[in-house]
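Colleague: coords below, sequence missing:
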């Protein structure tokens, strides 16, 4: 609908209404000049059958000022915004120039997929209550492992991976994973290259599986933590950190991928739903199924976990598969210094619970339809779809 509205606005070229509304200063053409010219038989005979042309006094669509074009682009949803890049070179250049600014204005979206969905993926803006739909290939009969750097990670029963950006349509191909994987992150080791590295782990196998997008096979690195497997990975200041079930923090060296134990004084949380999340200059840990126990920040100077009571203008968005942070959520209708927790409570329903950082319950919202079976919902962070996390070798 928003895409049609944009085309209708631009169909009047540089119409006076659009320019006055957006504060432009382009000279608007006379409406009469924009209407098709009426010709009679006498004019046609006089031109001896040749087409009568008149000089235009308005610009082409591709010549719109970037400021005017982006002012209109901001009115679009994220799917239509990304589609505008395909219109012409100048529109694509404008969209790419403002891509990061636009994506940072998008609130976290809830990814909703039905059990029988084969191609359609829906994104719910929880604050605006509007739903976006996009077509995703190879979508049926696949488990969702979560998102990494804007890419949806899926696998089938044969451990074949599908790694794709559902909004931008970009797909990264990886071979079949040798062992099972429950968590997978994408990283970059060279800022000048488009190659991406996948790092996959599972809590039931003592292996770290690594594959570069330019390679055709996976490398296997045993880590020796069979009793307490790795449950989560995060990139913080160019270093890869790992959490095991017993709440122990490790650093994953690069490029040899060895686990190095970090001597942290206390272990406040344990379990299979532990999450690491990098928020600005902080590395946080939480348990998605025990949010009332609080959120902890790693104090690197004292090497201990410290419980936090506030995160300023940040908000955390948590589900079983992943966790992320957003700055200034109030600009999109959210609430700062708050935790939003997605929980799949039934085949047809899920809830979003809200907690303070002290663990105080603030309310919840229920979504769903009893006639439609859905998969466990995920958070999608559009602002993370612009760059891949960069890691530094030793």
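Modeller: Cool, got the structure. Only a predicted model underlies this, so the values are computations on that prediction, with no experimental measurement involved.
Colleague: make it CA atoms for all contacts and neighbour counts henceforth
Modeller: Noted.
Colleague: Just list the residues touching the residue nearest to residue 79 when sequence neighbours are not counted, thanks.
Modeller: Of all residues not flanking residue 79 in the chain, residue 167 sits nearest, at 6.1 Å (C-alpha to C-alpha, 6 or more residues apart in numbering). Contacts here follow C-alpha atoms under 8 Å, 6 or more residues apart in numbering; on that basis residue 167 touches 78, 79, 82, 134.
Colleague: Does residue 209 touch residue 230 like I think?
Modeller: No. With contacts counted by C-alpha atoms under 8 Å, residue 209 stays clear of residue 230, the gap being 11.9 Å.
Colleague: list the contacts for the nearest residue in space to residue 328 that is not next to it in sequence?
Modeller: Ranked by C-alpha to C-alpha, 6+ apart and with sequence neighbours excluded, the top spatial neighbour of residue 328 is residue 313, at 5.1 Å. Shown in contact with residue 313 (C-alpha under 8 Å, 6+ apart): 327, 328, 329, 336, 337.
Colleague: And what about the fourth one, helix, strand or coil?
Modeller: Spelled out, it's residue 336. Applying DSSP: H, G, I helix; E, B strand; the rest coil to residue 336 yields a three-state assignment of coil.
Colleague: can I assume it is in contact with residue 325?
Modeller: No. Checked against C-alpha under 8 Å, the pair residue 336 and residue 325 is beyond contact range at 10.5 Å.
Colleague: overlap in contacts of those two?
Modeller: Contact criterion C-alpha under 8 Å, 6+ apart; residues shared by residue 336 and residue 325: 314, 315.
Colleague: Now the two most distant members of the contacts of residue 167.
Modeller: 82 and 134 (11.5 Å; C-alpha to C-alpha).
Colleague: Who has more neighbours out of the two?
Modeller: Neighbours were counted for residue 82 and for residue 134 using other C-alpha atoms under 10 Å; residue 82 has more, 18 against 14.
Colleague: Am I right that that one sits in a strand?
Modeller: No. In this structure, residue 82 is helix, not part of a strand, as judged by three-state DSSP.
Colleague: Nearest spatial neighbour of it, chain-adjacent residues omitted?
Modeller: In space, residue 82 comes closest to residue 168 once its chain neighbours are excluded; the distance is 6.6 Å by C-alpha to C-alpha, 6+ apart.
Colleague: what about that neighbour, which SS state?
Modeller: Three-state assignment for residue 168 (three-state DSSP): coil.
Colleague: Tell me the spacing between it and residue 148.
Modeller: Applying C-alpha to C-alpha, to the nearest Å, the value for residue 168 to residue 148 is 14 Å.
Colleague: quick one: low-confidence ranges for the stretch 151-300 of the chain?
Modeller: 191-193 (pLDDT under 70).
Colleague: quick one: secondary structure of residue 330?
Modeller: Using three-state DSSP, the structure places residue 330 in helix.
Colleague: and if you look at residue 92?
Modeller: When classified by three-state DSSP, residue 92 comes out as helix.
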